[in-house]
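# Take a look and give me a structure for this.
(one chain, ligands or ions: 2)
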Amino acid sequence: MPAGGMTMPELTMLEVRGLGIRFGGLDAVKDVSASLPAGKITAIIGPNGAGKSTFFNLISGFYQPTSGQIHFLGEDITRLKTHEVVGRGIARTFQTTTIYKELSVLENAMIGHRVRTRAGLLDALLRTGRERQDDQASRAGAMQALERVGLAGQAHRLAGALTQEGQKRVGIAMALSSDPKLLLLDEPAAGMNPEETVNLMGLIRELVAGGLTVALVEHKMSLVMGLADQILVLHHGQKIAEGTPQAVSRDPAVIEAYLGSHAHGGQMGQAAQAGEAGHA
Ligand SMILES: Nc1ncnc2c1ncn2[C@@H]1O[C@H](COP(=O)(O)OP(=O)(O)O)[C@@H](O)[C@H]1O
Ligand SMILES: [Mg+2]
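Ligands and ions are numbered 1, 2, ... in the order given. Next up is the predicted model:
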């Protein structure tokens, strides 16, 4: 292997080309092309309704695109189903946290593992024979995921008894339990106070240092500006800018999009200074 001095070409984790989906007459995502470099953090920002969650739904196979292609580590995954996408190594969290507060932290992570690795949610909850067979593997996968988010010591507590931050970590552990290469986080800091947000940023950095590639949708500009290697800006479903946080925050098209957005009531520069954007 090169003994220094040689630059390795940057590996692309995910590449989308001309990606689009229409709902009735609405282009929720339109003609979006982008590359997510391996081992980096890409933030997807844009006003409410810009198509950010839909973009994640397309990548993760929840929606089938009406146009375009999605390549993951060189493989065309455009038409794959959700569980097949998970099997390739893409996992996600949801904008609305969906943890089971009445179950233990470990059980939550185990459900994450089962849902993501083979059986459906119903199977996972009903504990079919196949589920019991999978129990050991699920437990091991779940414990590993809990270790990665710093919750191994709280595995047997009720998930609902954890702080907001702890519950967010459970949600991330559920996604990590399938041992993804690419993690999609939809508004991970929503509902968190500034201290919790800083802790979450630390966790995301640790995960990336451990080899994970991350894409995140986030309204809190302090998090986006402090964390992202690159930012994609969506507006009305289309990519209007991309680049480093510094470049994007100075981009006239981006400032215009935020100024024109009533939902956010402020431009990116202000949002970055204030620590977070207005959140509808
Ligand atoms: N399943 C759906 N059916 C119809 N319209 C949808 C659906 N999902 C999203 N949309 C529409 O697509 C647009 C983008 O939504 P979304 O991706 O949730 O925005 P964001 O996450 O950027 O706030 C919105 O106008 C939304 O109403
Ligand atoms: Mg959204």
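# Quick check: closest non-adjacent residue to residue 167.
Residue nearest to residue 167 in three dimensions, not counting chain neighbours: residue 99, with 5.7 Å by CB to CB, 6 or more residues apart in numbering. C-beta coordinates here come from the backbone N, C-alpha and C atoms, glycine included.
# Provide the secondary structure category for that neighbour.
Following DSSP: H, G, I helix; E, B strand; the rest coil, residue 99 is assigned to coil.
# so it touches residue 107, yeah?
No: in this structure residue 99 lies outside contact range of residue 107 using CB atoms under 8 Å: 10.1 Å.
# show me what contacts residue 40?
208, 213, 214, 229, 230 (CB atoms under 8 Å, 6 or more residues apart in numbering).
# secondary structure element for the third one?
When elements are assigned from DSSP states H and E, residue 214 belongs to strand 213-217.
# Give me the sheet partners of that strand and which way each runs.
strand 41-45 (parallel), strand 182-186 (parallel) (DSSP bridges).
# where's residue 222, which helix or strand?
Residue 222 belongs to helix 221-227, assigned by DSSP H and E.
# Would you mind naming what in the chain lies close to ligand 1?
23, 26, 28, 46, 48, 49, 50, 51, 52, 53, 54 (CB under 6 Å from any ligand atom).
# so the fifth one sits in a helix?
By that I understand residue 48. No: counting by three-state DSSP, residue 48 is not found in a helix; it is coil.
# What are the phi and psi values at it?
Backbone torsions of residue 48, given as degrees, to the nearest 10, read phi -50, psi 140.
# Which pLDDT value belongs to it?
You'll see residue 48 listed with a pLDDT of 92.
# go on, residue 58?
Residue 58 is assigned 98 on the pLDDT scale.
# For burial, what's the neighbour tally of it?
Residue neighbour count, defined by other CB atoms under 10 Å, stands at 24 for residue 58.
# list residues touching both of residue 99 and residue 107?
residue 159.
# Show me which of the two is the more surrounded one.
residue 99 (24 against 19).
# how much space between the more buried one and residue 164?
Counting by CB to CB, to the nearest Å, the gap from residue 99 to residue 164 is 11 Å.
# and what of residue 240?
32 Å.
# in a helix, that's where residue 18 is, yeah?
No: per three-state DSSP, residue 18 lies outside any helix segment and is strand.
# That one and residue 68 touch, don't they?
Yes: between residue 18 and residue 68 there is a contact at 3.9 Å, judged by CB under 8 Å.
# Mutual contacts of those two, please.
In contact with both residue 18 and residue 68: 31, 32, 33, using CB under 8 Å, 6+ apart.
# count of neighbours near the first one?
Pointing back at residue 31 there. Residue 31 has 14 nearby residues by other CB under 10 Å.
# which residue sits closest to residue 55 in space, ignoring its chain neighbours?
Residue 55 sits nearest to residue 29 (CB to CB, 6+ apart), 5.5 Å away.
# any residue of the host helix or strand of the one you found up close to ligand 2?
Assigned by DSSP H and E, residue 29 belongs to strand 26-37. No: judged by CB under 5 Å from the ion, strand 26-37 makes no contact with ligand 2; its nearest approach is 10.6 Å.
# Show me where this protein dips below the pLDDT cut-off.
Residues of the chain that meet the criterion pLDDT under 70 lie in 1-9, 97, 115-134, 261-280.
# cutoff 90 now
Scanning the chain for pLDDT under 90 picks out 1-10, 83, 87, 94-98, 111-141, 164, 178, 190-192, 219-223, 255-280.
# Next, the closest residue to residue 223 other than its chain neighbours: secondary structure please.
Nearest non-adjacent residue to residue 223, counting by CB to CB, 6+ apart: residue 189, 5.3 Å away. Three-state call for residue 189 (three-state DSSP): coil.
# so who does residue 189 touch?
168, 196, 197, 200, 218, 219, 220, 223.
# what do you get if the cut-off is 7 Å, keeping everything else the same?
By CB atoms under 7 Å, 6 or more residues apart in numbering, residue 189 lies in contact with 197, 200, 218, 220, 223.
# What of residue 46?
Residue 46 makes contact with 52, 233, 234, 235, 257, according to CB under 7 Å, 6+ apart.
# now with 8 Å?
52, 233, 234, 235, 240, 257.
# contact partners of the helix or strand where residue 107 lies?
In the assignment (DSSP H and E), residue 107 maps to helix 105-117. By CB under 8 Å, 6+ apart, the residues outside helix 105-117 that reach it are 83, 86-87, 91, 99-100, 103, 121, 123-125, 131, 134-135, 137-139, 141-143, 145-146, 151, 154-159, 162, 170, 173-178.
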